[in-house]
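[1] task: produce atomic coordinates for the following.
(chains A and B)
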Protein chains: 2
Amino acid sequence: MPDEATLPAPTELPPEGPPTGRAISLGEVTAIAEEVRELIAAGREQVALERVRRLHPADMGLIIAGLPGTSREALVRLMAPETVAWMLRHMNPVEAGRLGTRLGVRALSFTLGQLHPQQALATLWRLPRLPARMLAQVLTEPLPDAEAELLAHAPDTAGSLMAAVSPTVPEDARVEDAIESVSALGDQRLKFTHVFVLGEGDEPVGEVAMVDLALAEAGTPVASIATPVVASVSLDTPSHECARLRRHYNLTQLPVVEAGRLIGAIPAESLLSATVEQDTRQMLQVASVAGESADAPLLTSVRTRLPWLTVNLATTFLAAAVIALFESTLMKVVVLAAFLPVVAGQGGIGGTQTLTLIVRAIALGELVGVTARRLLVREALLGILHGLFLGLLVAAIAYLWQQNAGLALVLGLAMLGNMIIAGSFGAAVPLFLRRVGVDPAVASAVVVTTATDVFGFLLFLGIATAAIELIT
Amino acid sequence: MPDEATLPAPTELPPEGPPTGRAISLGEVTAIAEEVRELIAAGREQVALERVRRLHPADMGLIIAGLPGTSREALVRLMAPETVAWMLRHMNPVEAGRLGTRLGVRALSFTLGQLHPQQALATLWRLPRLPARMLAQVLTEPLPDAEAELLAHAPDTAGSLMAAVSPTVPEDARVEDAIESVSALGDQRLKFTHVFVLGEGDEPVGEVAMVDLALAEAGTPVASIATPVVASVSLDTPSHECARLRRHYNLTQLPVVEAGRLIGAIPAESLLSATVEQDTRQMLQVASVAGESADAPLLTSVRTRLPWLTVNLATTFLAAAVIALFESTLMKVVVLAAFLPVVAGQGGIGGTQTLTLIVRAIALGELVGVTARRLLVREALLGILHGLFLGLLVAAIAYLWQQNAGLALVLGLAMLGNMIIAGSFGAAVPLFLRRVGVDPAVASAVVVTTATDVFGFLLFLGIATAAIELIT
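    Model (predicted):
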């Protein structure tokens, strides 16, 4: 960046440039964070700032993001805008996005407004799309057209992950030309591992690894050291598909192609953070808390969780209705009520084990060529094995406890039946949801546990009703 | 690899070298897999092989891994050993490991035994440690000492992720020297993004990006373009800590240091697969199926799941005992039994939402500086908000259904109480487990759902007993 020398140097922190702080353990970061929180609470912000000064920006950012709102503001107010921007640029994108969100649009716009436009722009790209779009308006210079366009892309698409510039050379270029195109990227050069080789219509026909540029003699034609491009995406390719391509084909960056022409590339770092975000979302979706974080505003959490809790309430009332059907049986043998959670609960756990395994295998693309029937048979078989063992065990315990052989038999049979149902539904539901185009991570859990509840109660109370003479 | 020209060329598949097949969608892979399965079932293995011939090795491997055992064997028997090895080397490490496991030690040792030692060795490194150790004995040439040592490292440590060679130069070297050290790596050069700069005692003092080697003029001292090394690990650093360092500090490779000396490096690809494996394990651990895959042998699955199912059985009997305490109350108002799953079930869902969020935040290191008290208060508050809403809703539904105002009141109060318990335990249990050094992903779910079951029944039946005149 040519104009960098004209910028005012940050006053109290490491100058611009790569981070010099060494990595420390999570325990050490936690201890320093605690110390900083106490210093600020005691009104000693300057000492607190001194404490984080020499840390790696990743640790600095993590500590600042974890502070309570007012302490965070107090500390950030003491920092030079250059330092805040430097920190955001050297954190990983996921953590930078989280810190950006916590700092808020007002503090960020104050920071960016005081920076050199180049620096402001580079910082802007680390932030989540929504605040970035709002912040773009406060930059002292308007965004270049190409970059403004990038901000307009839908979140969770290749467009939103794409970098504004990428290294390219024409097919008949030589190694020197490729090196020049990399050099023109300035600080962005470290984001890429390959230079794209473009055909006559600007279509990507190959790529050359940076390391091979270093190894090649001057004058070598790039075509002679290029390898074919394995995958390309378009602007609206979903980011989970980009993550899949990266993982499955072992790629580091992805060309973005529209109408046959290369229009940009997704750098390694953005591809990786898309993968992390996808994995997080998936894990949280199984528990219906996707889109949340442990320190989100309270109302965000209510909005994410309450709808699912309400849907679930409906399903538990279904289970309640099943139990109510058997009121007369329960009236005769009230101790049956005590065993209701045993049958349903075991089914719920077994079903969740199966569905989690299948959801994850689907996400990693591991089920290709594995027929649904094979998986179903496998999980149903496991259900039988588990059901036989648990059924015998539960019958034995119930007999010892209640001295009622009929009850023990009913309980054991219901357990066997419900474990088979748990295995079958645990496998069938996510496979079916995938087939009809619904993300299995989203809805599988509620469907499966409803099934194990409803069938668990039906089996247990149904068999008990049929065999009522054995029990009473 | 100098001797490559003397190898017999694979007969029926693309020659050695980078993959030429283009990426295809998961839908297309699935369709081809289906076709291949049917072709083999019809005894037309040669046509099936022809069908996968021109695919990218990642897709070829995925399809072969998904085939039923006998079909897989039939197809692999038709392939040249060079092709099998080439496929394993160009798949991502996680998928290559899965395919290696499915092929089995016998088929793999047959394949490796027929390969050039160099090729066999490179393939060996893609396989999971255990079969690799067994296979090392069948190689036509014994492993070099350094490589044999690598195989001995404990799984899930930096030692097991480390590559045998890495690019290094002394501190006073020039760019040409660094380029030479990269060139000496042969095919392995593409695994690294940086060359390590070593001080006098072989300690890593800096690193130079490959791209900067390409940009630098000949004669430039490497020290002038090096940046400090942010993190290093030792042989026994757990792989989840390596994954954390990569993510948090935005690194691509990690130097392994023993007694101050650099002894190797973890390349980007291995670091990434450690991350994917860690994320998978964590998600599966919450459901107690870690270490399993959707197509593992049946007995492996029984061994993973049954112990947890049995532990869980003990906890549901605890819940059953609580219900049994209130037998006389249930005898008076048997319809109470129908509402048992409503209170406990909602608490279980709410508690799981909270604990999943906290477990994931702990894993991503997001909770640094966030005090346990703040999280607890937050989740308890959410519990109150959800409890108020769900309590009112459930009371209204119960009233409409059973026309019993007393029952509705009892149910609403129990729901409010159990949602507060769900939020508090959902936050407290993983935080407590982390503090005492137990992985919160492993044990949180069973503790939290036990709490919401037991307290749910206690609250509901306890309040009902106290207010029995209102209900009857």
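[2] use CA for all of it now, contacts and neighbours both
    OK.
[3] quick check: the residue of the stretch 51-200 of chain A nearest chain B.
    Among the residues of the stretch 51-200 of chain A, A:Gly66 lies closest to chain B, at 4.8 Å counting by CA to the nearest CA.
[4] contacting residues around that residue?
    A:33, B:366-370 (CA atoms under 8 Å, 6 or more residues apart in numbering or on different chains).
[5] which pair in those spans the largest distance?
    The distance between the two most remote of those (CA to CA) is 12.1 Å, for A:Ala33 and B:Glu366.
[6] who has more neighbours, these two?
    With neighbours defined as other CA atoms under 10 Å in any protein chain shown, A:Ala33 and B:Glu366 compare such that A:Ala33 has more, 27 against 20.
[7] how close does that one get to A:Ile40?
    Distance, A:Ala33 to A:Ile40, by CA to CA, to the nearest Å: 11 Å.
[8] now A:Thr356
    43 Å.
[9] tell me the bridge partners for the closest residue to A:Ser232 other than its chain neighbours.
    Excluding its sequence neighbours, the residue lying closest to A:Ser232 (CA to CA, 6 or more residues apart in numbering or on different chains) is A:Pro255, at 5.1 Å. Beta bridges link A:Pro255 to A:Ala265, judged by DSSP bridges.
[10] hmm, back to that, just the closest of the contacts of A:Gly66 to A:Val429, please.
    B:Glu366 (32.7 Å).
[11] surely that closest one meets A:Ile64?
    No. In this structure B:Glu366 lies outside contact range of A:Ile64 using CA atoms under 8 Å: 11.2 Å.
[12] what parts of the stretch 1-150 of chain A come near chain B?
    Listed as neighbours of chain B in the stretch 1-150 of chain A under the rule CA under 8 Å from any CA of the partner chain: A:18-24, A:26, A:29-30, A:33-34, A:37, A:58, A:62-63, A:66-68, A:90-92, A:95.
[13] narrow those to those that are buried.
    Applying 16 or more other CA atoms under 10 Å in any protein chain shown to those, the neighbour count classes A:19-23, A:29-30, A:33-34, A:37, A:58, A:62-63, A:66-67, A:90-92, A:95 as buried.
[14] so which of those belong to helices?
    Applying DSSP state H to those, the entries found in helices are A:29-30, A:33-34, A:37, A:58, A:62-63, A:66, A:90, A:95.
[15] return the member of the residues you listed nearest to A:Ala184.
    The nearest member of those to A:Ala184, counting by CA to CA, is A:His90 at 20.7 Å.
[16] so that closest one is in contact with A:Leu55, correct?
    No. Under the criterion of CA under 8 Å, A:His90 makes no contact with A:Leu55, lying 11.9 Å away.
[17] could you list the low-pLDDT ranges of chain A?
    Where chain A drops to pLDDT under 70, the residues are A:1-17, A:129-131, A:138, A:140, A:290-291.
[18] return the residues in contact with the residue in the stretch 151-300 of chain A positioned nearest to chain B.
    Residue nearest to chain B within the stretch 151-300 of chain A (CA to the nearest CA): A:Ala214, separated by 3.9 Å. By CA under 8 Å, 6+ apart, the contact list for A:Ala214 reads B:179, B:210-211, B:213-215.
[19] can you list the contacts of A:Gly66 in JSON lines and add secondary structure?
    Putting the contacts of A:Gly66 into JSON lines (DSSP: H, G, I helix; E, B strand; the rest coil) gives the following:
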{"residue": "A:Ala33", "secondary structure": "helix"}
{"residue": "B:Glu366", "secondary structure": "coil"}
{"residue": "B:Leu367", "secondary structure": "coil"}
{"residue": "B:Val368", "secondary structure": "coil"}
{"residue": "B:Gly369", "secondary structure": "coil"}
{"residue": "B:Val370", "secondary structure": "coil"}
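[20] closest to A:Thr123 out of those?
    Distances from A:Thr123 to the contacts of A:Gly66, taken by CA to CA, are shortest for B:Glu366, at 21.0 Å.
[21] look up phi and psi at the closest one.
    Phi and psi for B:Glu366, reported as degrees, to the nearest 10, are phi -80, psi -10.
[22] how close does it sit to A:Gly264?
    Between B:Glu366 and A:Gly264 the distance is 32 Å, computed by CA to CA.
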